[in-house]
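>>> Quick one, what's the 3D model for this:
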Amino acid sequence: MKRSGPLLTLLTGLLLALFMLSLNATTETGASSYGEDAPAPDASASSPTGSPSAGPSAEPTRTPAAKAPAKVPAKAEYAGRTDDDTSAVSISVRDGKAIAYYCDGRDTESWLKGNVEEDGSMRLTGKHGAKLDGQLTGKKVRGTVDVDKETRKFTADKAVRPSGLYRATTEVRGAKVDGGWIVLPDGRQVGILKRDDEPEQAPRLDPGTGTVRVDGETLTARPVTP
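Residues are numbered from 1 along each chain as shown. Predicted coordinates for the structure are as follows:
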């Protein structure tokens with residue numbers, strides 16, 4: 001009995017030491033899980049590896065270049081034909097003003113006038129609702145002309161004298177004579193001569209001198225300007 005006493009004491013001390021060791025381990029685990037010293041979560045574990053790929057790059061917005069305004073000449077002549085080749089159109093420009101003549105060479109004509117805007121556009125008007133809408137671009141004028149409720153497209157190229165627009169207004173043997181001529185760049189002529197407002201095809205004009213024979217008399221047609 002005397003020998004079992006120390007042994008029992010040793011065993012009891014060993015059990016107590018194991019209990020304290022276990023208790024200490026449990027306390028440290030709790031502190032690591034909930035205490036301030038717990039390690040921060042790994043950011044790489046909750047997000048995909050690497051940076052997110054950028055989407056396709058957007059095309060840069062291209063601002064259209066501003067259209068340069070047409071350079072309106074201070075003085076110019078234009079002459080041409082309608083797209084259907086039935087009539088001729090001539091336009092004379094002076095210092096922002098324009099006068100035009102439309103003629104089919106038989107019985108239909110119209111004189112029109114108006115302003116030329118800084119962008120080269122023009123809207124000319126004449127009698128009986130006639131109108132011409134044109135756009136000066138480079139060395140030509142393109143547009144439409146409305147006469148007698150008919151609308152026709154036209155192109156008039158820049159002309160050099162003697163090409164261009166001519167007119168003669170006078171009296172011959174008691175009759176009022178009014179003639180208009182368009183001399184095209186290729187030398188062709190289109191015109192109407194009216195005697196007391198009765199239209200007919202105009203006789204040929206001499207572009208070099210501006211003269212024309214009417215009923216045996218020589219008349220002089222002048223270049224038309226606004």
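
>>> How much space separates Arg123 from Asp157?
Separation of Arg123 from Asp157 (Cβ to Cβ, to the nearest Å): 21 Å. All C-beta atoms are positioned from the backbone trio N, CA, C, and that covers glycine.

>>> Name the next helix or strand downstream of the lowest-mean-pLDDT helix or strand in the chain, please.
Least confident element among the helices and strands of the chain, by mean pLDDT, DSSP states H and E: helix 43-46 (a mean of 44). The element immediately downstream of helix 43-46 (helix or strand, assigned by DSSP states H and E) is strand 75-82.

>>> ok, Lys158 - contacts?
Ala76, Glu77, Tyr78, Lys139, Lys140 (Cβ atoms under 8 Å, 6 or more residues apart in numbering).

>>> and those residues as TSV, adding distance to Lys176?
As requested, the contacts of Lys158 are exported to TSV (distance: Cβ to Cβ, whole Å):
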residue	distance to Lys176
Ala76	31
Glu77	27
Tyr78	29
Lys139	37
Lys140	35
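
>>> PyMOL command for the buried members of those residues?
Here is the PyMOL command that selects the buried residues among the contacts of Lys158 (16 or more other Cβ atoms under 10 Å):
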select buried, resi 76+77+78
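
>>> Could I get the contacts of Lys158 in TSV, plus columns for pLDDT?
Formatted as TSV, these follow (pLDDT from 0 to 100):
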residue	pLDDT
Ala76	96
Glu77	96
Tyr78	98
Lys139	94
Lys140	96
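
>>> From the contacts of Lys158, pick the one nearest Val93.
Ala76 (4.7 Å; Cβ to Cβ).

>>> Quick check: closest non-adjacent residue to that closest one.
In space, and not counting its chain neighbours, Ala76 is closest to Val93: 4.7 Å by Cβ to Cβ, 6 or more residues apart in numbering.

>>> Kindly indicate whether the one you found is helix, strand or coil.
strand (DSSP: H, G, I helix; E, B strand; the rest coil).

>>> CA atoms only: put stretch 119-130 into PDB for me.
What follows is stretch 119-130, C-alpha atoms only, in PDB (Å, rounded to 0.1, in the frame of the first residue of the first chain):
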ATOM      1  CA  ASP A 119     -22.300  78.200-100.000                       C
ATOM      2  CA  GLY A 120     -22.900  78.500-103.700                       C
ATOM      3  CA  SER A 121     -26.600  77.700-103.600                       C
ATOM      4  CA  MET A 122     -29.100  79.800-105.600                       C
ATOM      5  CA  ARG A 123     -32.800  80.100-105.800                       C
ATOM      6  CA  LEU A 124     -33.900  82.200-108.800                       C
ATOM      7  CA  THR A 125     -37.500  83.100-109.700                       C
ATOM      8  CA  GLY A 126     -39.300  84.300-112.800                       C
ATOM      9  CA  LYS A 127     -42.800  85.000-114.100                       C
ATOM     10  CA  HIS A 128     -45.700  82.600-113.800                       C
ATOM     11  CA  GLY A 129     -44.100  80.700-110.900                       C
ATOM     12  CA  ALA A 130     -40.900  79.800-112.700                       C
END
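
>>> taking the mean pLDDT, what do you get for that stretch?
Across stretch 119-130, the average pLDDT comes to 97.

>>> Now that stretch: buried residues?
Neighbour counts over stretch 119-130 (16+ other Cβ under 10 Å) mark Gly120, Ser121, Met122, Leu124, Gly126, Ala130 as buried.
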